[in-house]
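Trainee: Provided below for reference: sequence and predicted model.
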Number of protein chains: 2
Amino acid sequence: MKFCSQCGAPVSLRIPLGDNRLRHVCEACGVVHYQNPKIVAGCILEWQGRILLCRRAIEPRYGWWTLPAGFMENSESAVTAAAREAFEEANAVVDHLTLYGLYSLLHVSQVYLLFRGQLRDGYASPGEESLETRLYAEDEIPWEQIAFTVVHETLRQYFAERQAGAFTLQVGDIIRESENQFRLHRYS
Amino acid sequence: MKFCSQCGAPVSLRIPLGDNRLRHVCEACGVVHYQNPKIVAGCILEWQGRILLCRRAIEPRYGWWTLPAGFMENSESAVTAAAREAFEEANAVVDHLTLYGLYSLLHVSQVYLLFRGQLRDGYASPGEESLETRLYAEDEIPWEQIAFTVVHETLRQYFAERQAGAFTLQVGDIIRESENQFRLHRYS
């Protein structure tokens, strides 16, 4: 951020009075421009034991596989956002969404809200942001081609818990350890 | 938003190519300025059966009671954000936070992540944004002076579930029905 979105004057980066963090502040009109994490809503959808994955038609990770997920919009419910992303990315209609994971991605200031549910009728096809969609059995998952650590870790946990017969809410942080190394810190 | 935060030119409000929503777009430098929901992280903290509430020293709802909660910051964990808010608003140290509620507030584009946990040592005192802090037994809660519907509904559910002996994750939307009327839609 270089200019004030309210008045167009240049902004400065400083700690406002009574605050303890650097903010973009407009010295002309006085507005403090707070920046906050964005929510990514998505879902694990099952059909006859198989899981829906989408192959990304966009960067980052063009060509890699991921769960249907994307940025939540204003004036929207988190549950609706997850269902909308499934429809936009995979023409998939969802049933019975239950919250499965809450993950904070500190390095990109994103919070993932991942639901689990059913893929209605087993139908999916690529939306504009997908090259391909596919229903994967557990032993077919392309583990080396999963786009993001948060998705990789969530799928691993999902299959382990499905095997054990009980799903539990996952809460964790994804922490960047080096440029391409990430680790999951689990709270529960 | 009136001006581009990247180049300072006036922005226009239109649907970008390939999108389906109105966005603020800079016609000078081409940047699309997306706006997304903000996360409010907070907690229900218990000490010897009592719950910590804070009386607000800020608008909106100055003088009304609420749970410690506030906007999550960039580069922060949702769990840490809830703990930080308890410390900032009530000098409270927390233990054992568990996710209890996910609520989407459609009318203000906020997502509440409410955790439950323990108040360490039972100590609390007002931070800068609180007039007063107090540990309330269930039959002392000032129900008519609770600042927000999401907090009111969460506390009601919390006490009911505590009585029943089992907490379950709450997922819901808060929907504005008229200027001062809100209703909770529960998913689970």
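Mentor: Received the coordinates, thanks. Numbering: from 1, shown residues only, chains lettered A, B, ... in the order given.
Trainee: A:Q163 belongs to a helix, doesn't it?
Mentor: Yes - counting by DSSP: H, G, I helix; E, B strand; the rest coil, A:Q163 is located in a helix.
Trainee: so what's it up against?
Mentor: For A:Q163, the contact set (Cβ atoms under 8 Å, 6 or more residues apart in numbering or on different chains) is empty. Using the backbone N, CA and C atoms, a C-beta is placed for each residue, glycine as well.
Trainee: Let's see that with 10 Å instead.
Mentor: Residues in contact with A:Q163 (Cβ atoms under 10 Å, 6 or more residues apart in numbering or on different chains) are A:E138.
Trainee: average pLDDT for stretch A:98-107?
Mentor: For stretch A:98-107, the mean pLDDT works out to 98.
Trainee: In that stretch, which residues are buried?
Mentor: In terms of neighbour count (16 or more other Cβ atoms under 10 Å in any protein chain shown), stretch A:98-107 has its buried residues at A:T98, A:L99, A:Y100, A:G101, A:L102, A:Y103, A:S104, A:L105, A:L106.
Trainee: Measure how far that stretch is from the centre of its chain, please.
Mentor: 7 Å (Cα atoms, centre = their mean, to the nearest Å).
Trainee: quick revisit: Serialize the buried residues of stretch A:98-107 to JSON lines and add fields for secondary structure and distance to chain B.
Mentor: Listed next are the buried residues of stretch A:98-107 as JSON lines, based on DSSP: H, G, I helix; E, B strand; the rest coil; distance: Cβ to the nearest Cβ, whole Å:
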{"residue": "A:T98", "secondary structure": "strand", "distance to chain B": "7"}
{"residue": "A:L99", "secondary structure": "strand", "distance to chain B": "5"}
{"residue": "A:Y100", "secondary structure": "strand", "distance to chain B": "10"}
{"residue": "A:G101", "secondary structure": "strand", "distance to chain B": "10"}
{"residue": "A:L102", "secondary structure": "strand", "distance to chain B": "6"}
{"residue": "A:Y103", "secondary structure": "strand", "distance to chain B": "9"}
{"residue": "A:S104", "secondary structure": "strand", "distance to chain B": "4"}
{"residue": "A:L105", "secondary structure": "strand", "distance to chain B": "9"}
{"residue": "A:L106", "secondary structure": "coil", "distance to chain B": "5"}
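Trainee: With distance to A:Q145 as new columns, can those residues be given to me in JSON lines?
Mentor: Shown next, in JSON lines, are the buried residues of stretch A:98-107 (distance: Cβ to Cβ, whole Å):
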{"residue": "A:T98", "distance to A:Q145": "27"}
{"residue": "A:L99", "distance to A:Q145": "27"}
{"residue": "A:Y100", "distance to A:Q145": "22"}
{"residue": "A:G101", "distance to A:Q145": "21"}
{"residue": "A:L102", "distance to A:Q145": "25"}
{"residue": "A:Y103", "distance to A:Q145": "20"}
{"residue": "A:S104", "distance to A:Q145": "25"}
{"residue": "A:L105", "distance to A:Q145": "20"}
{"residue": "A:L106", "distance to A:Q145": "24"}
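Trainee: Let me know the closest of those to B:V93.
Mentor: Using Cβ to Cβ, A:S104 comes nearest to B:V93 of these, at 20.3 Å.
Trainee: With adjacent residues omitted, what lies nearest to that closest one?
Mentor: Using Cβ to Cβ, 6 or more residues apart in numbering or on different chains and skipping residues adjacent in sequence, the residue nearest A:S104 is B:S77, 4.2 Å away.
Trainee: how many other residues sit next to that neighbour?
Mentor: B:S77 has 25 neighbours, counted by other Cβ atoms under 10 Å in any protein chain shown.
Trainee: same deal with A:R183?
Mentor: Counted by other Cβ under 10 Å, the residues lying close to A:R183 total 12.
Trainee: OK, contacts around it?
Mentor: A:T149, A:E153, A:G172, A:D173, A:I174, A:I175, A:R176, A:E177.
Trainee: Any of these buried? List them.
Mentor: Listed as buried from the contacts of A:R183 are A:T149, A:E153, A:G172, A:D173, A:I174, A:I175; burial here means 16+ other Cβ under 10 Å.
Trainee: My read is that the first one contacts A:Y103, right?
Mentor: Yes - look at A:T149 against A:Y103 with Cβ atoms under 10 Å: they come within range, at 9.3 Å.
Trainee: who touches both of these two?
Mentor: A:I174, A:L184.
Trainee: about what we covered before: return the member of the contacts of A:R183 nearest to B:E129.
Mentor: Among the contacts of A:R183, and counting by Cβ to Cβ, the member closest to B:E129 is A:D173, at 25.6 Å.
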